[in-house]
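*Asks:* Output the structure for:
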Amino acid sequence: MESGSLLIGEYEEGDIDQIIAIERESFPTPWSASIFRGEIACPISRVLVAKFDRDPGARVAGYIVYWQVVDETHLHNIAVRRDLRRQGIASRLLGEAVRCSRLKGAKWLTLEVRRSNLIAQRFYEKFGFSVRGIRPGYYTDTSEDALILWADLCLGPLGQCTSKEVGEGGNG
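*Replies:* Numbers count the residues shown, from 1 in each chain. Have a look, this model is predicted:
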């Protein structure tokens with residue numbers, strides 16, 4: 001575990017190389033730097049990072065990328081450095097995305113997850129996500145189906161969090 005308090009905030013330009021390194025160790029078909037730069041430039045996209053220190057050069061512990069369109073938030077990517085997993089960082093990132101989304105009027109959160117990714121499915125179930133559909137052959141690298149997960153931000157575990165709990169707590 002890194003020392004210091006975990007802080008979550010907006011992406012900063014110097015974070016991109018560390019985000020790409022985390023992306024590469026986390027996903028079979030990682031996003032490129034140009035995809036991340038496109039997300040950063042997109043007006044409906046948000047990129048949040050978790051760090052144990054906000055000083056320049058602090059190591060990125062994890063990140064989350066999501067879009068908010070009207071009353072719906074769509075989660076695109078969430079990942080944590082391999083050596084820092086299972087310490088609640090992903091839960092904190094998701095909690096902050098939920099808090100920010102609610103402030104902007106979001107009522108729903110949705111995402112796709114590989115049918116075979118049982119660890120991620122269990123993680124999202126803890127937050128009240130449920131399967132609402134299937135996208136056949138969604139993942140182009142393997143033609144694997146994606147499960148479409150939805151959560152109501154007004155109900156269940158996500159709806160019951162206070163802003164203090166979301167911003168400061170969570171265990172993953």
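
*Asks:* just for this protein, where's the confidence low?
*Replies:* Along the chain, the model assigns pLDDT under 70 to residues 1-4, 54-57, 156-172.

*Asks:* how about the helices in it?
*Replies:* Along the chain, counting by DSSP state H, helices occupy 16-26, 33-41, 89-103, 118-126, 156-160, 163-168.

*Asks:* ok, the nearest residue to T29 once chain neighbours are set aside to P28 distance?
*Replies:* Distance criterion C-beta to C-beta, 6 or more residues apart in numbering; nearest residue to T29, sequence neighbours excluded, is D141 at 4.3 Å. All C-beta atoms are positioned from the backbone trio N, CA, C, and that covers glycine. Per C-beta to C-beta, to the nearest Å, D141 is found 6 Å from P28.

*Asks:* And for Y63?
*Replies:* From Y63 to P28 the distance is 18 Å (C-beta to C-beta).

*Asks:* quick one, which of these two is more surrounded?
*Replies:* Using other C-beta atoms under 10 Å as the criterion, Y63 and P28 rank with Y63 on top: 27 against 9.

*Asks:* The more buried one pairs with what?
*Replies:* Taking DSSP bridges as the rule, Y63 bridges to V49, A79.

*Asks:* so it touches L94, yeah?
*Replies:* No: contact criterion C-beta atoms under 8 Å: Y63 and L94 do not qualify, at 11.5 Å.

*Asks:* residues in contact with L7?
*Replies:* L7 is in contact with A50, K51, F52, D53, R54, counting by C-beta atoms under 8 Å, 6 or more residues apart in numbering.

*Asks:* For stretch 68-84, give me every contacting residue.
*Replies:* Taking C-beta under 8 Å, 6+ apart as the rule, stretch 68-84 contacts 1-2, 22-23, 25-27, 31, 39, 44-46, 50, 59-67, 87, 89-90, 93-94, 97-98, 101, 104-111, 153.

*Asks:* buried set for it?
*Replies:* For stretch 68-84, the neighbour count (16 or more other C-beta atoms under 10 Å) marks Q68, E72, T73, H74, L75, H76, N77, I78, A79, V80, R81, L84 as buried.

*Asks:* can I get these in JSON lines with distance to I35?
*Replies:* Converted to JSON lines, these look like this (distance: C-beta to C-beta, whole Å):
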{"residue": "Q68", "distance to I35": "19"}
{"residue": "E72", "distance to I35": "21"}
{"residue": "T73", "distance to I35": "19"}
{"residue": "H74", "distance to I35": "15"}
{"residue": "L75", "distance to I35": "15"}
{"residue": "H76", "distance to I35": "10"}
{"residue": "N77", "distance to I35": "10"}
{"residue": "I78", "distance to I35": "15"}
{"residue": "A79", "distance to I35": "14"}
{"residue": "V80", "distance to I35": "19"}
{"residue": "R81", "distance to I35": "19"}
{"residue": "L84", "distance to I35": "23"}
